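Colleague: just need the structure, nothing else, for what follows:
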Amino acid sequence: MHLFYQPNINKDTFQFLDEIESKHAIRVLRLKENDLILLVDGKGTFYEAKITNAHPKKCGFEIQQKRIEESKLPYLHIAIAPTKNNERTEWFIEKCTEIGIHEITPILTQHSERKNLKEERLVKTAVSAMKQSLKATLPQINPVTPLKNIVITPFDGKKYIAHCHEGNKKLLKTDYPIGENALVLIGPEGDFSGEEVELAKKNGFIPISLGKSRLRTETAGIVACHTINLLNE
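Modeller: You can find the predicted model right below:
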């Protein structure tokens, strides 16, 4: 069954796909009236529906039934410094969406390689990944935010900062308590500065290691995401 993203599904039985999804359904997939389709709202719900009007700009559908996405993952937020190559940031968002994540915040740090991002493009990447992986939850993609703003904002869960400085650091896979919400900070290729690490520690962030290898920024983000998902399986 073909999957479509419909963020504004309401309580009405008869509704319409937006123009982009309508064109894909009718012109590309050549779906017809009475064909069954699967919709996701990005908020955790799947909807099985039947096409009632095979119009390429306003494809009508009728909801048959709905079901809530089953997920054992507690709230996961990764705040990560954007990479110089924007495609690597998009790759990170794509893979973490496929694996499972609730919120992503690009952060501005002292050693950041990129300060601006096209937020709309990142959201499109996440939507595509959500559909490809047959998920119903679209992660919240935030604007670029100064690191300090993330650090001082209260968070109900475990807070971690991954960095490469010397000192005592715990392994994420052994320190993270299964079932807990988590916020993980991932720095740029030049790492967090010593001052940034200290600021995070003063605000309750636990310094962690993701393993013995020195990882690229986007790889570190994916490893953190996968580790927490795997522990919650």
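Colleague: for the residue most central in space within the chain, which non-adjacent residue is spatially closest?
Modeller: Centrality entry for the chain: nearest residue to the mean C-alpha point is P139, 3.7 Å, by Cα atoms, centre = their mean. If the residues on either side of it in the chain are set aside, P139 comes closest to I101, at 4.9 Å by Cβ to Cβ, 6 or more residues apart in numbering. Every C-beta, even on glycine, is put in place using the N, C-alpha and C of the backbone.
Colleague: where's that neighbour relative to T145, distance?
Modeller: Counting by Cβ to Cβ, to the nearest Å, the separation of I101 from T145 is 16 Å.
Colleague: more neighbours, the two?
Modeller: Between I101 and T145, I101 has the larger neighbour count (other Cβ atoms under 10 Å), namely 25 against 14.
Colleague: wait, isn't the more buried one in contact with H226?
Modeller: No. In this structure I101 lies outside contact range of H226 using Cβ atoms under 8 Å: 10.0 Å.
Colleague: need the residues touching each of those two.
Modeller: The contact sets of I101 and H226 do not overlap (Cβ atoms under 8 Å, 6 or more residues apart in numbering).
Colleague: so H226 lies in a strand, does it not?
Modeller: No. In this structure, H226 is helix, not part of a strand, as judged by DSSP: H, G, I helix; E, B strand; the rest coil.
Colleague: quick check, it in contact with F92.
Modeller: No. Assessed by Cβ under 8 Å, H226 is found out of contact with F92, at 11.7 Å.
Colleague: higher neighbour count, the two?
Modeller: More crowded of H226 and F92, by other Cβ under 10 Å: F92, with 27 against 15.
Colleague: what's the nearest residue to that one if we skip its chain neighbours?
Modeller: Ranked by Cβ to Cβ, 6+ apart and with sequence neighbours excluded, the top spatial neighbour of F92 is E218, at 3.9 Å.
Colleague: ok, now which ones touch the one you found?
Modeller: Counting by Cβ under 8 Å, 6+ apart, E218 makes contact with I80, T83, R88, T89, W91, F92.
Colleague: so which of those residues belong to strands?
Modeller: Mapping the contacts of E218 onto strands (DSSP state E) picks out I80.
Colleague: can you redo the contacts of E218 as JSON lines with distance to S128?
Modeller: Shown next, in JSON lines, are these (distance: Cβ to Cβ, whole Å):
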{"residue": "I80", "distance to S128": "19"}
{"residue": "T83", "distance to S128": "19"}
{"residue": "R88", "distance to S128": "17"}
{"residue": "T89", "distance to S128": "15"}
{"residue": "W91", "distance to S128": "12"}
{"residue": "F92", "distance to S128": "14"}
